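Engineer: Only the shape, not the letters, is given here:
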């Protein structure tokens with residue numbers, strides 16, 4: 001953009017010319033074909049840029065010396081990636097259980113009630129009555145009262161013995177009644193659990209899962225195959241059992257999703273390290289598995305290899321690089337040997353060589369040393 005400045009008051013625009021009989025105006029103007037008239041003193045004014053508004057639209061500072069007004073840039077709302085959600089009310093809580101002695105006592109009472117009812121109805125044989133030391137019964141027979149006593153004693157015995165359970169270390173039960181979560185049992189030893197509740201056994205020990213070979217890519221976009229080892233355990237039994245159908249399938253999908261966002265480096269690569277890849281995978285998988293009650297400790301690659309269609313090309317490139325490095329080292333050694341030989345011959349006065357003879361000697365020595373190096377290489 002070309003600008004012209006008026007050197008004299010007479011050649012400037014009418015606004016800048018001095019009035020007749022008066023002093024010239026102090027302000028001069030610049031005018032061009034693209035902008036309006038700009039006072040010269042505004043071009044060199046150094047004013048601080050307007051402070052950015054924290055919550056309002058962003059203000060872009062104007063360029064100094066152009067008279068350009070500040071531009072307002074509307075902030076773009078960042079869209080966060082949705083996080084998998086599970087029912088917020090679904091969280092592990094302890095279930096109500098009783099000691100195992102209560103179940104044994106209830107079962108024994110039920111069995112004793114059945115025996116007494118049998119004696120009352122005369123169903124016990126005389127030999128059993130004599131063996132137990134019981135008095136002879138009136139043999140009232142099986143009437144409605146006897147059947148009711150049998151039902152009550154039998155139900156008590158079934159509830160007592162049927163609710164006995166043994167808790168083991170590293171195992172837990174998720175209890176449910178008619179599709180509703182009723183609590184989790186993590187106690188060990190003999191206990192009594194309501195036999196009407198549905199029990200689902202959960203392994204809460206530390207577990208290792210090794211995936212099969214999964215597709216991935218390195219920092220350059222080259223296809224690789226990775227096998228990872230995931231160390232995890234069930235932390236929230238309610239969410240893990242009722243929120244996910246198969247834990248290992250869910251972990252596999254989480255690992256595949258993480259591999260699609262993380263570049264995997266080969267061991268010894270220059271672009272990164274396997275440890276950094278493991279940290280990135282662990283961070284992503286932990287965030288994906290936490291909402292469903294799974295606690296992931298580490299996701300580490302245990303096997304990284306190029307895909308079959310890439311492995312052959314990478315092998316040829318590696319061999320070519322090694323061969324080029326070897327040739328460069330051999331050539332450097334030959335040049336140093338030739339230089340040392342010619343320098344010694346010349347400095348000791350053994351030969352006097354002109355330029356043509358020196359070139360011929362260097363050529364012959366180079367060929368001889370290269371041939372000798374080639375015979376020693378195999």
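Structural biologist: Arrived safely, thanks for sending. What you see is a predicted model, and the numbers here were worked out from it, not measured in a lab. Numbering: from 1, shown residues only.

Engineer: Pretty sure residue 301 sits in a strand.
Structural biologist: Yes. Assessed with DSSP: H, G, I helix; E, B strand; the rest coil, residue 301 lies in a strand.

Engineer: which helix of this protein spans the most residues?
Structural biologist: As assigned by DSSP state H, the longest helix anywhere in the chain is helix 308-347.

Engineer: In which helix or strand does residue 205 reside?
Structural biologist: Take DSSP states H and E as the rule and residue 205 turns out to sit in neither a helix nor a strand.

Engineer: Surely it touches residue 233?
Structural biologist: Yes. Between residue 205 and residue 233 there is a contact at 6.5 Å, judged by Cβ atoms under 8 Å. Bear in mind the C-beta positions are built from the backbone N, C-alpha and C, glycine included.

Engineer: higher neighbour count, these two?
Structural biologist: The neighbour comparison of residue 205 against residue 233 (other Cβ atoms under 10 Å) goes to residue 233, with 17 against 9.

Engineer: And the longest helix of the chain, what does it pack against?
Structural biologist: In terms of contacts (3 or more Cβ pairs under 8 Å, 6 or more residues apart in numbering; DSSP states H and E), helix 308-347 is packed against strand 223-234, helix 355-376.

Engineer: Could you tell me the angle between it and helix 355-376?
Structural biologist: 140 degrees (axes from the mean of the first three to the mean of the last three Cα atoms, to 10 degrees).

Engineer: can you list the helices and strands packed on helix 308-347 in JSON lines and add mean pLDDT?
Structural biologist: Compiled in JSON lines, the helices and strands packed on helix 308-347 are given as follows (pLDDT from 0 to 100):
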{"stretch": "strand 223-234", "mean pLDDT": "92"}
{"stretch": "helix 355-376", "mean pLDDT": "74"}
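
Engineer: which of the ones you listed sits most buried?
Structural biologist: Greatest average neighbour count among the helices and strands packed on helix 308-347 goes to strand 223-234 (a mean of 20), per mean count of other Cβ atoms under 10 Å.

Engineer: Which strands border that one, and is each parallel or antiparallel?
Structural biologist: strand 207-210 (antiparallel), strand 214-217 (antiparallel), strand 294-306 (antiparallel) (DSSP bridges).

Engineer: Out of the ones you listed, which is closest to residue 181?
Structural biologist: Residue 181 lies closest, by Cβ to Cβ, to one member of the strands paired with strand 223-234: strand 294-306, at 17.4 Å.

Engineer: same question for the host helix or strand of residue 277, mean pLDDT?
Structural biologist: Taking DSSP H and E as the criterion, residue 277 maps to helix 274-289. Averaged across helix 274-289, the pLDDT comes to 91.

Engineer: Next: stretch 321-333.
Structural biologist: Stretch 321-333 comes out with an average pLDDT of 83.

Engineer: mind listing what's buried in it?
Structural biologist: residue 330 (16 or more other Cβ atoms under 10 Å).

Engineer: For this structure, give me the ranges with low pLDDT.
Structural biologist: Low-confidence regions of the chain, defined by pLDDT under 70, span residues 1-89, 124, 128-141, 268-272, 311, 372-378.

Engineer: neighbours around residue 153, how many?
Structural biologist: By the criterion of other Cβ under 10 Å, residue 153 has 20 neighbours.

Engineer: So it sits against residue 114, correct?
Structural biologist: Yes. Assessed by Cβ under 8 Å, residue 153 is found in contact with residue 114 at 4.5 Å.

Engineer: okay, the angle between the helix holding residue 277 and strand 223-234?
Structural biologist: 50 degrees.

Engineer: Contacts made by stretch 183-190 with the rest, please.
Structural biologist: Contacting residues not belonging to stretch 183-190 are listed as 92-97, 99-101, 164-169, 172-175, 191, 193, 202, 204, 237-238 [Cβ atoms under 8 Å, 6 or more residues apart in numbering].

Engineer: quick one: buried residues of it?
Structural biologist: So, applying 16+ other Cβ under 10 Å, buried residues of stretch 183-190: 183-187.

Engineer: quick one: which of the residues you listed sit in strands?
Structural biologist: Counting by DSSP state E, the buried residues of stretch 183-190 place 183-185 in strands.

Engineer: In contact with residue 211, which residues?
Structural biologist: Contacts for residue 211 (Cβ under 8 Å, 6+ apart) come out as 227-230, 252, 255.

Engineer: what are the phi and psi angles of it?
Structural biologist: In terms of degrees, to the nearest 10, the main-chain angles of residue 211 are phi -80, psi 160.

Engineer: now do residue 349
Structural biologist: Dihedral pair for residue 349: phi 70, psi 20, per degrees, to the nearest 10.

Engineer: Look up how far residue 357 lies from it.
Structural biologist: 15 Å (Cβ to Cβ, to the nearest Å).

Engineer: Check residue 305 too.
Structural biologist: In this view, residue 305 and residue 357 are 57 Å apart by Cβ to Cβ.

Engineer: now do residue 351
Structural biologist: For residue 351, the distance to residue 357 equals 8 Å [Cβ to Cβ].

Engineer: ok so, going back, farthest pair in the buried residues of stretch 183-190?
Structural biologist: Greatest spatial distance in the buried residues of stretch 183-190: 183 and 187, 11.3 Å, computed using Cβ to Cβ.

Engineer: about what we covered before: going by distance to residue 261, which of the contacts of residue 211 wins?
Structural biologist: Closest approach between the contacts of residue 211 and residue 261, by Cβ to Cβ: residue 255, at 11.2 Å.

Engineer: Now name the helix or strand holding that closest one.
Structural biologist: Applying DSSP H and E, one finds residue 255 within helix 247-259.

Engineer: Name the residues of that helix that come out as buried.
Structural biologist: By neighbour count with 16+ other Cβ under 10 Å, helix 247-259 contains the buried residues 247, 250-252, 254-255, 258-259.

Engineer: same thing with stretch 298-310?
Structural biologist: Residues of stretch 298-310 classed as buried: 298-301, 304, 306 (neighbour count, 16+ other Cβ under 10 Å).
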